[in-house]
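S.K.: this is the structure alone, sequence omitted:
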Ligand SMILES: CCCCCCCC(=O)SCCNC(=O)CCNC(=O)[C@H](O)C(C)(C)COP(=O)(O)OP(=O)(O)OC[C@H]1O[C@@H](n2cnc3c(N)ncnc32)[C@H](O)[C@@H]1OP(=O)(O)O
């Protein structure tokens, strides 16, 4: 049963289909981490999700995340907030295919089945519509395989922002370190800016 989605997540009548950026990675290509310290995808966060996303067709992605002991809520089960983070990260990576800088404004999550430690969550997400700065998207996470039963799902609204959203609000030492990164692509991707 699909539960209701709030009106804020229903695209307005003048919304348009999303447009894949011409330089978006080809379907099947790994997106890589956008920032080493990202809790969702970064390789430098020991307890992070280490989620790995790949571009799909159109404006869609797939991703995997394996639940580790550090991600528990109840004994032997993934914490719901961690599962919401996996959905958020997967949905956030869609913006790389649009080449739009955007942040999560709203994330509505259904927790359908418990997810045990050791399980791999097979995520898929797509942008459904765009209206001005508002990006509407949806995601599911399945266990047992990409076609397994749905364990979690989410609908979300991302809002396009300028890079100043990060540079003016982030803690100065991390912002400085990211901006001083000699690797141009890494520097741009920390904020998901088109390099
Ligand atoms: C580099 C990429 C990293 C990706 C990591 C994974 C994604 C994340 O987790 S991002 C981190 C979590 N998110 C955040 O920290 C965002 C914090 N929030 C904010 O900074 C602001 O509220 C922000 C930017 C979302 C919106 O503020 P602002 O730019 O002033 O926009 P605002 O004018 O209020 O809203 C724009 C439109 O969006 C709508 N909107 C904004 N927030 C919401 C919301 N929560 N629910 C519904 N609609 C919303 C507004 O109603 C408005 O609609 P309309 O144009 O029709 O009137």
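M.R.: In hand now; what should we look at? Model, not experiment: these values are computed from the prediction.
S.K.: where are the low-confidence patches of the protein?
M.R.: Of all residues in the chain, those with pLDDT under 70 make up the ranges 1-4, 194-195.
S.K.: how about the strands in it?
M.R.: Per DSSP state E, the chain carries strands over the ranges 52-55, 60-66, 102-111, 120-131, 134-143, 150-160.
S.K.: mind putting those in JSON lines, mean neighbour count and distance to residue 184 included?
M.R.: For glycine as for every other residue, the C-beta is placed from the backbone atoms N, C-alpha and C. Shown next, in JSON lines, are the strands of the chain (neighbours: other Cβ atoms under 10 Å; distance: least, Cβ to Cβ, whole Å):
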{"stretch": "strand 52-55", "mean neighbour count": "21", "distance to residue 184": "21"}
{"stretch": "strand 60-66", "mean neighbour count": "22", "distance to residue 184": "24"}
{"stretch": "strand 102-111", "mean neighbour count": "17", "distance to residue 184": "21"}
{"stretch": "strand 120-131", "mean neighbour count": "20", "distance to residue 184": "27"}
{"stretch": "strand 134-143", "mean neighbour count": "23", "distance to residue 184": "26"}
{"stretch": "strand 150-160", "mean neighbour count": "21", "distance to residue 184": "23"}
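S.K.: so which of these gets nearest residue 39?
M.R.: Closest to residue 39 of the strands of the chain is strand 60-66 (Cβ to Cβ; 11.5 Å).
S.K.: how about JSON lines for the strands of the chain, with distance to residue 181 added?
M.R.: Shown next, in JSON lines, are the strands of the chain (distance: least, Cβ to Cβ, whole Å):
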{"stretch": "strand 52-55", "distance to residue 181": "21"}
{"stretch": "strand 60-66", "distance to residue 181": "24"}
{"stretch": "strand 102-111", "distance to residue 181": "21"}
{"stretch": "strand 120-131", "distance to residue 181": "27"}
{"stretch": "strand 134-143", "distance to residue 181": "26"}
{"stretch": "strand 150-160", "distance to residue 181": "24"}
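S.K.: for the residue of the chain found nearest the ligand, give me its contacts.
M.R.: Nearest residue of the chain to the ligand, counting by Cβ to the nearest ligand atom: residue 92, 3.1 Å away. Going by Cβ atoms under 8 Å, 6 or more residues apart in numbering, residue 92 touches 40, 102, 103, 104, 158.
S.K.: now do the closest residue to the second one other than its chain neighbours against residue 9, distance only.
M.R.: So the one you mean is residue 102. Using Cβ to Cβ, 6 or more residues apart in numbering and skipping residues adjacent in sequence, the residue nearest residue 102 is residue 158, 4.1 Å away. Relative to residue 9, residue 158 is positioned 11 Å away (Cβ to Cβ, to the nearest Å).
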